[in-house]
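*Asks:* sequence and predicted structure are below.
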Amino acid sequence: MIQSSFIKLVATTILTTAIFAGPSLADSVVKVTLTDKGGTMDMSKSMGLGMGMKGDMMKSVMGITINNKSVLHGKVKFNVTNSSTNVIHEMLVAAIADVNVVLPYNATENRVDEEAYKDLGEVSELDPGKSGSLTLNLKPGKYILFCNVPGHFMAGMWTVLDVR
């Protein structure tokens, strides 16, 4: 009977630990690299490569790469580096319901309308070669990481992160 009680106590302890010390307490780090093909680029016209636009991403002149496409929910730290040699970039994070939806876009400003589409946080304009970080508490779902410097989003500078 003592052995049975001990086994129940150990099983209860293991179960309680698994429930309360599970993924929600895990910290995730996402390494983000902001890239472009360098040189002089005409950002005055939309290239039509924004999320949900079904454009030919092989024509993109800019991009965001991440080392993890999927992380656990909870505290997520984004370590962001602008690998460009001559272009300022930034990174915004926003929740999305569907990767096929086009974000509200202000064609006059040639960027996502931040008043109509609220982001959760950002690493503001980074000079070439500079780095910054952002930590957010994210719930399960899909999130877009994008650059909203005029013309960059439509030049293909976005990616999707799955938080599970």
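*Replies:* Cool, got the structure.
*Asks:* ok, F78 touching S131?
*Replies:* No - contact criterion C-beta atoms under 8 Å: F78 and S131 do not qualify, at 10.6 Å. Using the backbone N, CA and C atoms, a C-beta is placed for each residue, glycine as well.
*Asks:* for these two, indicate the residue with more neighbours.
*Replies:* F78 (22 against 14; other C-beta atoms under 10 Å).
*Asks:* contacting residues for the more buried one?
*Replies:* The contact partners of F78, by C-beta atoms under 8 Å, 6 or more residues apart in numbering, come to 29-30, 32, 91, 93, 123, 133-136, 145.
*Asks:* now the buried members of the residues you listed.
*Replies:* 30, 32, 91, 93, 123, 134, 145 (16 or more other C-beta atoms under 10 Å).
*Asks:* please identify the helix or strand for the second one.
*Replies:* Secondary-structure assignment from DSSP states H and E places V32 in strand 28-36.
*Asks:* and that strand, which strands flank it?
*Replies:* When pairs are called by DSSP bridges, strand 28-36 turns out to pair with strand 62-66 (antiparallel), strand 74-82 (parallel).
*Asks:* ok, what's across the strand from the most centrally placed residue in the chain?
*Replies:* By C-alpha atoms, centre = their mean, the chain has its centre lying nearest to L145, at 3.4 Å. When assigned by DSSP bridges, L145 has beta-bridge partners V93, T159.
*Asks:* before we move on, back to that, just the buried ones among the contacts of F78 now: which is nearest M57?
*Replies:* Proximity of the buried ones among the contacts of F78 to M57 (C-beta to C-beta) peaks at L145, which lies at 15.1 Å.
*Asks:* right, and the residue nearest to the centre of the chain touches V32 too?
*Replies:* Yes - L145 is within contact range of V32, at 6.5 Å (criterion: C-beta under 8 Å).
*Asks:* joint contacts of these two?
*Replies:* Contact criterion C-beta under 8 Å, 6+ apart; residues bridging L145 and V32 by contacting each: 64, 66, 78, 91.
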